[in-house]
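Asker: Quick one, structure for this:
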Amino acid sequence: MLDQLIPTPRLLEIDHAELAASPERVWQRLRHEDLVTSPLIRALFAVRTFPERLRGKPANSALRVDDLRSSAERPGFQLLAEEAPREFAVGAIGKVWQLEIPFVHVQDAARFAEFSQAGFIKVAWAIRTLPLGERDCRVEFEVRVDALDEESWRKFERYFGLIGPASRFIRRASLASLERELGSPKARENERPLAGDELLTDAAVQVTDGITIAAPPDAIWPWLLQMGCRRGGFYAIDALDNGGQRSARELHPELLSLEVGQVLPATPEGDDGFEVLRIDTPRALLLGGLYDPDSSRQLAFSAVRPERFKQITWAFVLEPLDERTTRLHVRARAAFPRSGRLHAAWIRPVHHLMQSAMLRHLAQRVEGRLPRDDVRDVLEGAGGAAIMLAAFATPFLRRLRSHWGLDAKAALGRYPGDELIPEPDWSWTHAVEIDAPAARVWPWVAQIGAERGGFYSYQWLENLVGCEVQNAEAAHPEWEVKVGESLVLHPGPDSPRLLITAVEPGRYFVAHAPADTAGRARGKAWFSGSWLFFIERLAEGRCRFISRFRAAMSDDLATGVTFGPALLEPVGFAMDRRMLLGVKERAERAPIR
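Answerer: Numbering: from 1, shown residues only. Below you'll find the model as predicted:
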């Protein structure tokens, strides 16, 4: 509505509050009842109307929209537009910087918008009630001001510099008072009924947490489906609830199918956990469990309770607030005999700590705000930097490092891609043995690259120099390397891209940076390099992953410093070794289920 009244304001301010009430109820409260809700606000209004009261004009201590009427005899603020129960707008035209304000009366909203006489300003404010999910609403209080000439604007700026803080205080205090009166969705979250409450009608304890996520339910739902130890984790504090294993930072397609009755492991070892009780895609995921502490085992949720028991439900309910945001309500309920009260007393704050961390980290994942590097990445990177420094300090060990993980004889053998640089100036052939078949290793190798799955190396160090990599934790078939594509080492426009010259799926691929032959013919500096990623099958479902780098270059000093072994070999050794181990870790990891 204000777009019609003051389309190009010089001042625009919006305050808001979220209320545990329907738009219809809040509309009735704001549109027809007193907006002044505290003695302090009444006092501020009294100060502003003091000059008028000195002149004998009546001053109303209440502020009701129904009472805002303007006439030619008594001009002032008036209701200009409304659309029940969504929005109403109030406005006035006057010289508000004067102690006794000379207002101008206009007949309606159209005349208000058309008014253009110099020496005045237009003030309009609107209150909107917007549906927020299924039972709540958001209230917005917007103020707009425009001046009809520059001199009037300068006068208003000086005036608003004095009364602006009081104006903002009145608006925000009024919204805060309304929130105390009607309650906020967050404050009432534990009181509202949620799906799953009926599964445990005699719950002795109920704890509800929630978070608003800037995404629709469909985008949040997959992250819930892959929860569980030995699955995607719980996104909370991994050292406490996931055996130190980092919770998933990406979606794993193989985990996105759940069945009622399936048990999601609660610990890194053992099969007890949370039974899937109900799946309502993509609105509610209900988990639970019935546990017998005497036998240290989990029973079916529907089984007869033993004499001593603990029975819980854990509900994840997604409530769309609008097209772009969703409220995720998470409720834990527990039933137990009187002997379980002590356990419930100490576990409650622990649960709240873990649940809060879980919701915070889940929202970061869904919204794409998860930091690329965490503390673990930094610590690993510091270890990698130490390896580099040790390699720089020991150039006499370069020959030994050049065949790390492989005996010297095997490193001297012939491998695919050697023909690209038949006589290298320097090279390495590193390897690691992997307790997994080549078919399980290849998908990880096939997606190596800065713009694919990363390099599984010291991610923090790579990102320090702008590589912008995120080491993959899942295999993505769409990223599999193909002949003619590039192996990207760094996303910078001037960074080298190695051409993929050969691929034998399941076995190897070769990347090549060819020399500038025309420049080389004219005597210019040149460099050429090849990089082989090779999987050698061993006996009994095992394999060896080999990384072979070969380099040749002109013999000038600048090229030797930039591309020679003195600088590149210590860095290459540390990063390449960690890449091999990174592939090994991923391929040997038990398949997530």
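Asker: what stretches of this protein score poorly on pLDDT?
Answerer: 37-62, 590-593 (pLDDT under 70).
Asker: That one - how does it break down into domains?
Answerer: For the chain, automatic domain parsing gives the domain ranges 2-182, 197-366, 375-588.
Asker: Figure out which of the ones you listed is closest to residue 190.
Answerer: With CB to CB, the closest approach to residue 190 among the domains of the chain belongs to domain 197-366: 4.1 Å. From N, CA and C alone the C-beta is placed, and that goes for glycine too.
Asker: Tell me which of the domains of the chain sits nearest to residue 189.
Answerer: With respect to residue 189, and counting by CB to CB, the nearest of these is domain 197-366 at 4.9 Å.
Asker: Would you mind putting the domains of the chain into TSV with distance to residue 188 and mean neighbour count alongside?
Answerer: Compiled in TSV, these are given as follows (distance: least, CB to CB, whole Å; neighbours: other CB atoms under 10 Å):
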stretch	distance to residue 188	mean neighbour count
domain 2-182	4	16
domain 197-366	10	17
domain 375-588	36	17
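Asker: could these go into JSON lines alongside distance to residue 191?
Answerer: As requested, the domains of the chain are exported to JSON lines (distance: least, CB to CB, whole Å):
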{"stretch": "domain 2-182", "distance to residue 191": "9"}
{"stretch": "domain 197-366", "distance to residue 191": "8"}
{"stretch": "domain 375-588", "distance to residue 191": "38"}
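Asker: Please enumerate the helices of the stretch 451-593 of the chain.
Answerer: Ranges of helices in the stretch 451-593 of the chain, per DSSP state H, counting those that start in this stretch, are 459-464, 517-521, 557-563, 565-588.
Asker: closest to residue 343 out of the ones you listed?
Answerer: That would be helix 565-588 among these, by CB to CB, at 37.0 Å.
Asker: So which elements touch the closest one?
Answerer: helix 375-392, helix 398-401, strand 426-434, helix 438-445, strand 543-553 (3 or more CB pairs under 8 Å, 6 or more residues apart in numbering; DSSP states H and E).
Asker: Show the contacting residues for residue 558.
Answerer: Counting by CB atoms under 8 Å, 6 or more residues apart in numbering, residue 558 makes contact with residue 525.
Asker: distance of the residue nearest in space to the middle of the chain from residue 232?
Answerer: Per CA atoms, centre = their mean, the C-alpha nearest to the average position across the chain is that of residue 364, at 2.2 Å. Going from residue 364 to residue 232 by CB to CB, to the nearest Å gives 14 Å.
Asker: Residue 183 against residue 21, yeah?
Answerer: Yes - proximity of residue 183 to residue 21 meets the contact threshold set by CB atoms under 8 Å, at 7.4 Å.
Asker: With distance to residue 98 added, can I get the helices of the stretch 451-593 of the chain in a markdown table?
Answerer: Output for the helices of the stretch 451-593 of the chain, formatted as a markdown table (distance: least, CB to CB, whole Å):
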| stretch | distance to residue 98 |
| --- | --- |
| helix 459-464 | 60 |
| helix 517-521 | 79 |
| helix 557-563 | 74 |
| helix 565-588 | 72 |
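Asker: closest one to residue 503 among the ones you listed?
Answerer: helix 565-588 (17.0 Å).
Asker: Residue 274: which element?
Answerer: According to DSSP states H and E, residue 274 maps onto strand 273-280.
Asker: Would you map the strands across the stretch 401-550 of the chain?
Answerer: Secondary structure of the stretch 401-550 of the chain (DSSP state E, counting those that start in this stretch): strands at 426-434, 486-488, 497-504, 508-513, 527-537, 543-553.
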